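>>> how does the following fold in three dimensions:
(one chain, ligands or ions: 2)
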Amino acid sequence: ARTRHYDWEVNYEYKSPDCYKKLAITINGRTPGPTILAQQGDTIIVKLQNNLLTENVAIHWHGIRQIGTPWSDGTGGFTQCPIQPGEKLIYKFVVDRAGTYTYHGHYGMQREAGLYGTIIVLLPNGVSEPFSYDYDRNIILNDWYHKSSDEQATGLSSIPFVFVGEPQSLLINGKGKYNCSLLTTPGACNATNPQCSPHVLTVVPGKTYRLRIGSLTALSALSFEIEGHDMTVVEADGSYVEPFVVRNLYIYSGETYSVLVKANQDPSRNYWITINVVSRKPATPTGLAIFNYYPNHPQKPPPTVPTTGPLWNDTTSRLAQSIALKARQGFIDTPPLTSDRAIVLLNTQNKIDGYYKWALNNLSLTFPTTPYLIALKENLTDAFDQNPPPDGYDFASYDIYRVAKNVNATSSNRIYRLRFNSTVDIILQNANTMTVNNSETHPWHLHGHEFWVLGYGMGKYNMSSDGKKYNLVNPIMKNTVPLHPYGWTALRFQANNPGVWAFHCHVESHFYMGMAVVFEEGIEKVGNLPSSIMGCGETKSYNRPRP
Ligand code: C2O
Ligand code: CU
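Ligands and ions are numbered 1, 2, ... in the order given. Here you go, the predicted model:
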């Protein structure tokens with residue numbers, strides 16, 4: 001195994017990813033940032049220099065479990081003090097499992113300002129994939145806002161509440177196209193800027209491509225399509241999938257997939273690659289890229305009208321695709337047949353003192369000034385409320401189909417402490433929001449683990465019967481999973497990675513509004529924390545500024 005060194009500088013720079021010029025957060029001048037390409041077992045060392053003038057930074061390595069290095073998880077306020085302006089931090093971790101992953105800012109709402117990228121971990125030498133292809137290509141999807149993340153965060157934490165709203169554009173590999181003529185003062189928008197020419201994926205007729213697709217949208221659930229081409233799904237969040245063919249791939253923020261696509265259509269023309277918003281009433285134009293058959297001109301627009309995707313509110317087909325994901329024969333790691341503890345998390349939209357929030361079992365997370373990992377390891381019991389949050393909600397009387405009678409929730413920094421090596425079930429239960437007849441999609445992401453996806457259902461999870469229908473034969477292992485409107489999703493994982501791990505909705509505004517819980521397991525097995533992560537809260541003095 002090798003050690004791979006990266007020197008990264010984080011800056012604000014003017015960029016025009018969708019032709020509209022705005023300040024974006026870049027890594028070494030780029031957004032999306034550089035791709036980390038490594039081999040299973042390699043050690044990654046990222047020296048991160050924060051050159052932002054007034055903002056802290058932290059970067060999370062999404063899907064990397066950080067076994068033995070929980071302080072490198074990069075979750076600002078949970079596993080480290082964020083890196084202050086002008087400071088640097090060295091992240092060091094091992095990529096122990098081949099697959100497709102991502103990284104992104106995990107402080108404030110910096111992800112949506114452009115701080116994100118791809119991690120590819122290749123198999124060890126001599127091991128091959130259980131499928132074949134000629135070429136490997138990356139596609140990272142995002143949605144894009146013209147307002148600054150500061151302005152958006154301010155709106156979310158104000159009375160009256162100002163929602164971030166629907167994104168202005170959808171980006172494929174950092175490129176989109178806003179219609180500049182919609183602006184009354186189009187000065188900041190230039191339709192001919194090469195930064196916003198569509199991404200081109202050139203293919204050779206007859207060849208098969210593995211597309212590694214990741215989504216790090218701030219808000220949107222997406223449907224990804226390549227006009228006229230079938231896609232065979234083979235990988236999800238680093239696990240092999242029992243192959244199945246789709247025309248459109250639903251992908252939620254925080255998920256990654258590999259699909260195989262054969263360039264087997266009429267080679268005399270190009271085709272559209274499209275992404276469309278689903279699960280919210282779309283107010284964002286289709287995101288476009290070009291599937292270019294060599295040797296046609298790469299910029300030559302396809303002769304067809306781009307597809308607008310499936311019906312945005314077709315929950316049934318999204319649920320069906322979620323259920324279709326199974327672990328691949330020959331690569332099945334079966335779950336324990338029973339669990340030691342089940343935690344049901346009711347997902348609700350709430351108010352606290354008039355502020356809009358999201359809550360789990362009526363608690364909305366506000367994390368402490370001393371990050372959890374530090375507080376627990378250093379035994380600082382006054383850093384956060386030591387009482388456990390509830391393992392369930394009022395099942396008997398809560399009506400998930402209606403706006404709650406009392407929408408008030410409580411703010412909390414409590415955490416779930418799990419017995420080391422125990423098997424834990426999580427049942428995510430969706431409900432109506434504060435709007436009549438509305439329930440949203442929440443992609444839930446667990447740090448530090450993968451989990452088995454045991455099942456999905458519509459309506460209220462039934463304690464006595466739904467557990468009997470779990471898939472214990474070939475459940476897929478993932479790190480991010482959707483909770484569909486008015487539905488439930490059941491997961492199982494083993495609490496076997498010493499540390500403190502966030503589990504949260506990957507919609508950036510929802511996480512910002514408290515849609516998260518925290519798990520601790522085996523804290524006594526965590527090695528000494530590097531003092532470089534400790535420069536805030538009660539341990540501020542542990543990390544003295546260097547001259
Ligand atoms: Cu990709 Cu805690 O997030
Ligand atoms: Cu959410």
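>>> okay, now Ser72: neighbour count?
By the measure other Cβ atoms under 10 Å, the count of residues near Ser72 is 24. Every residue, glycine included, has its C-beta placed from N, CA and C.
>>> so it touches Val94, yeah?
No: taking contacts as Cβ atoms under 8 Å, Ser72 lies outside contact range of Val94: 9.6 Å.
>>> need the residues of the stretch 301-450 of the chain near ligand 2, please.
Residues of the stretch 301-450 of the chain lying close to ligand 2 (Cβ under 5 Å from the ion) are His442.
>>> what does the stretch 301-450 of the chain have sitting close to ligand 1?
His445, His447 (Cβ under 6 Å from any ligand atom).
>>> now the helices for the stretch 301-450 of the chain?
315-324, 372-377 (DSSP state H, counting those that start in this stretch).
>>> adding mean pLDDT and mean neighbour count, write those out as JSON lines.
Shown next, in JSON lines, are these (pLDDT from 0 to 100; neighbours: other Cβ atoms under 10 Å):
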{"stretch": "helix 315-324", "mean pLDDT": "98", "mean neighbour count": "16"}
{"stretch": "helix 372-377", "mean pLDDT": "98", "mean neighbour count": "24"}
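>>> can I get those helices in CSV including distance to Cys180?
Converted to CSV, the helices of the stretch 301-450 of the chain look like this (distance: least, Cβ to Cβ, whole Å):
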stretch, distance to Cys180
helix 315-324, 33
helix 372-377, 45
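>>> show me the residue sitting in the middle of this structure in space.
With distances taken as Cα atoms, centre = their mean, Gly254 lies nearest the centre of the chain, 2.1 Å away.
>>> ok, that residue - contacts?
His62, Thr102, Ser215, Leu216, Pro443, His445, Asn479, Thr480, His506 (Cβ atoms under 8 Å, 6 or more residues apart in numbering).
>>> hmm, 10 Å instead?
Gly254 makes contact with 62-63, 102, 104, 214-217, 237, 443-446, 478-482, 504-507 under the criterion Cβ atoms under 10 Å, 6 or more residues apart in numbering.
>>> now the residues you listed: which count as buried?
Buried members of those, scored by 16 or more other Cβ atoms under 10 Å, are 62-63, 102, 104, 214-217, 237, 443-446, 478-482, 504-507.
>>> for ligand 2, see how far away whatever residue of the chain ends up closest to ligand 1 is.
Distance from ligand 1 to each residue of the chain (Cβ to the nearest ligand atom) is smallest for His62, at 3.7 Å. Distance from His62 to ligand 2, counting by Cβ to the ion, to the nearest Å: 16 Å.
>>> quick one on the thing from earlier: what is in contact with Ser72 and Val94 at once?
By Cβ under 10 Å, 6+ apart, the residues touching both Ser72 and Val94 are Ile44, Ile64, Gln66.
>>> hang on, isn't the second one packed against Asp73?
It stands for Ile64. Yes: look at Ile64 against Asp73 with Cβ atoms under 10 Å: they come within range, at 8.2 Å.
>>> hang on, the earlier thing: what pairs with the residue of the chain closest to ligand 1 across the strands?
Per DSSP bridges, the residues bridged to His62 are Thr102.
>>> isn't it right up against Ile36?
No: applying Cβ under 10 Å, one finds His62 not in contact with Ile36, separated by 11.5 Å.
>>> and for the two, which residues touch both?
With Cβ under 10 Å, 6+ apart, His62 and Ile36 have common neighbours Tyr101, Thr102, Tyr103, Ile119.
>>> run a quick neighbour tally on the third one.
A count of nearby residues for Tyr103, using other Cβ under 10 Å, gives 29.
>>> for it, which non-adjacent residue is closest in space?
Of all residues not flanking Tyr103 in the chain, Trp61 sits nearest, at 5.1 Å (Cβ to Cβ, 6 or more residues apart in numbering).
>>> I'd like to know how far the one you found sits from Lys460.
As judged by Cβ to Cβ, to the nearest Å, Trp61 and Lys460 stand 36 Å apart.
>>> which neighbours do Ile64 and Asp73 share?
Phe93, His447, Gly448.
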